[in-house]
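K.L.:
got a predicted model here, sequence first, then my questions.
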Amino acid sequence: MRARRLFAVVLSFAVAVAVFSATRGDERAAAGPPSVGGLASDDLRPSADTDARIAALQRDVRAGRTAAAPALADAYLQKVRETGDASFYTRADTLLREALARNRFDADALVEAATLAAARHDFRGALALAQRARAAQPGTLAPLPILVDSLVELGRYGAAERALQRLVDLKPNLTAYARISYIRELYGDLPGAIDAIERAVSAGGPVPENVAYVQSLLGGLELARGRLGAARHAYDAALAAMPSYAPAAAGRARLAAAEGDLPDAIARWRRVVDRLPLPEYVIGLGETELAAGRRAAGLRDLELVRAQQKLLAGAGVNTDVELAIFEADHGSRARGVRLAHAAWSNAPSIRSADALGWALTRAGRPEAGLRWAHRALRLGTLDPSMRYHAGIAALAAGRTDEGRSQLRLAIAHGLAAQPLHLARAREALR
């Protein structure tokens, strides 16, 4: 398999060759599906206490040490990853605009600005900024993670693989291994993805959230393979490192649903949403409540999604893909189609192809929806949502054998973690 062969040389190296800090390049916890691996910059950070780091850097900036501004912006982005508070995006944006107004060739500020753009899902902007950072400081590896992420989300997979190969050849650390894992996952190579993410966990990082995040990713991959005990172990390891860490706590909710314990799944989702009412988590709660027959509670909770999306939009985050799927499932199907078209125009990846295919299918155009579903599956991903969308589209388009095959694949690769869709898939297979 192509994705399995990719990066074969670097994976023969000892994981301990280099350990560098790695932070997330997209807000997966806040906005659903990932850009590559969810990890971004690779600067060294001696302190794991984000609040203390912010306070120290704020003092430096107030004292006129302008070189501290990119580091403070980076700390603000780390704060978003830890808390989900998107207002820190605005603070980072202000700092970086000022830094680049002083010196438009400031490579550190350009890297952080690219990271911010990717976190907001402005992947064209992130790519341009990463390229400017490389031009400002030739030979630096710092822009490469965001370059990879942006190319993936723009559907330029070959270019992303070439950039990632350069990164892993020179710096095989948590950042690189996590991206290897994600690209392998895109190609449907779950064993290879797990191997790479385990290396990311072993590589470690100076910020506890980074390691907790890749442990949460490992839990999701194990869940997709049906290895529920291994998924639980990964999620619990993340929670041991960072108690109440939202991605891991949400993973435990999905795991409870996969085990068929919907009351426990709902209770776990509720605790996550009470702490951090991000759209992904609110949808998880509402859809699990609907699957459990708690219709009034489910509909009431799902009403919160649009309000949370507006808050993210106010912080500059583009959530067209996620909102398109939400509208197709629970709101205005016509609006879902419009949002999905916009998502494809802005970032023509397999994720946006999936959103457009599903929106068209739910709007009563399954033949067109299936064509887009085929584009979404062209790399071979086993993502259960994408396979579920393709299966329903195929059945609605009269392609019974294809539809049943896709739904069986969805069920085999983790759809049980989405009990509402699992019930609908099983009904369609009868």
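P.N.:
Ah, there it is. Numbers count the residues shown, from 1 in each chain.

K.L.:
count the residues that sit near residue 94.
P.N.:
Other residues within reach of residue 94, judged by other C-beta atoms under 10 Å, total 13. For the C-beta atoms, the positions are set from N, CA and C on the backbone; glycine is no exception.

K.L.:
in what helix or strand does it lie?
P.N.:
Residue 94 is located in helix 87-102, with elements delineated by DSSP states H and E.

K.L.:
report all helices and strands that that helix contacts.
P.N.:
helix 69-83, helix 107-119 (3 or more C-beta pairs under 8 Å, 6 or more residues apart in numbering; DSSP states H and E).

K.L.:
and among the ones you listed, the most buried is which?
P.N.:
helix 107-119 (a mean of 28; mean count of other C-beta atoms under 10 Å).

K.L.:
which strands and helices sit next to the helix or strand following that one?
P.N.:
Sequence-wise, the next helix or strand downstream of helix 107-119 (DSSP H and E) is helix 123-136. The contact analysis (3+ C-beta pairs under 8 Å, 6+ apart) places helix 123-136 against helix 107-119, helix 144-153.

K.L.:
if we can go back for a sec, okay, buried residues for the helix holding residue 94 please.
P.N.:
The neighbour-count check on helix 87-102 (16 or more other C-beta atoms under 10 Å) flags 88, 89, 91, 92, 93, 95, 96, 99, 100 as buried.

K.L.:
okay, the angle between that helix and helix 107-119?
P.N.:
140 degrees (axes from the mean of the first three to the mean of the last three C-alpha atoms, to 10 degrees).

K.L.:
what residues are up against residue 252?
P.N.:
Counting by C-beta atoms under 8 Å, 6 or more residues apart in numbering, residue 252 makes contact with 232, 235, 236, 239, 268.

K.L.:
same question, residue 194
P.N.:
181, 218, 221, 222, 225 are the contacts of residue 194 under C-beta under 8 Å, 6+ apart.

K.L.:
so for the helix or strand hosting the third one, what's the average pLDDT?
P.N.:
Here residue 221 sits within helix 208-224, counting by DSSP H and E. Helix 208-224 carries an average pLDDT of 94.

K.L.:
run the chain-centre distance for that helix.
P.N.:
With C-alpha atoms, centre = their mean, to the nearest Å as the basis, helix 208-224 stands 11 Å off its chain's centre.

K.L.:
which element follows that helix toward the C-terminus?
P.N.:
helix 228-241.

K.L.:
how far is that following helix from where the chain is centred?
P.N.:
With C-alpha atoms, centre = their mean, you get 19 Å for helix 228-241.

K.L.:
and for it, what's in contact with it?
P.N.:
Contacts for helix 228-241 (C-beta under 8 Å, 6+ apart): 208, 211-213, 215-216, 218-220, 222-223, 245, 247-249, 251-252, 255, 258-259.

K.L.:
can you list the buried residues in that helix?
P.N.:
Result for helix 228-241 [16+ other C-beta under 10 Å]: buried residues 228, 230, 231, 232, 234, 235, 237, 238, 239, 241.

K.L.:
would TSV of the residues you listed with distance to residue 134 and pLDDT be doable?
P.N.:
Formatted as TSV, the buried residues of helix 228-241 follow (distance: C-beta to C-beta, whole Å; pLDDT from 0 to 100):
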residue	distance to residue 134	pLDDT
228	43	97
230	39	98
231	38	98
232	41	98
234	34	98
235	37	98
237	35	96
238	33	96
239	38	96
241	33	90
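
K.L.:
of these, which pair is most distant in space?
P.N.:
228 and 241 (20.8 Å; C-beta to C-beta).

K.L.:
looking at the helices and strands packed on helix 87-102, which is closest to residue 357?
P.N.:
That would be, of the helices and strands packed on helix 87-102 and by C-beta to C-beta, helix 107-119, which comes in at 24.2 Å.

K.L.:
what angle sits between the closest one and helix 69-83?
P.N.:
30 degrees.

K.L.:
right, and the helix or strand after the helix or strand of the chain with the lowest mean pLDDT?
P.N.:
In the chain, the helix or strand scored least confidently by mean pLDDT, DSSP states H and E is helix 28-31, which has a mean of 27. Under the assignment DSSP H and E, the closest C-terminal helix or strand after helix 28-31 is helix 50-62.

K.L.:
quick one: distance of that next one to the chain centre.
P.N.:
That offset, for helix 50-62, works out to 28 Å (C-alpha atoms, centre = their mean).

K.L.:
tell me who's in contact with the nearest residue to residue 72 once chain neighbours are set aside.
P.N.:
Leaving aside its sequence neighbours, residue 72 sits nearest to residue 57 (C-beta to C-beta, 6 or more residues apart in numbering; 3.9 Å). Neighbour list for residue 57: 68, 71, 72, 75 [criterion: C-beta under 8 Å, 6+ apart].

K.L.:
and what of residue 127?
P.N.:
By C-beta under 8 Å, 6+ apart, the residues touching residue 127 are 114, 146, 147, 150, 151, 154.

K.L.:
can you count the residues close to residue 374?
P.N.:
Residues near residue 374, counting by other C-beta under 10 Å: 15.

K.L.:
ok, and what's touching the helix or strand where it lies?
P.N.:
Applying DSSP H and E as the criterion places residue 374 in helix 366-376. By C-beta under 8 Å, 6+ apart, the list of residues contacting helix 366-376 from outside reads 350-351, 353-354, 356-362, 386, 389-390, 392-394, 396-397, 399.
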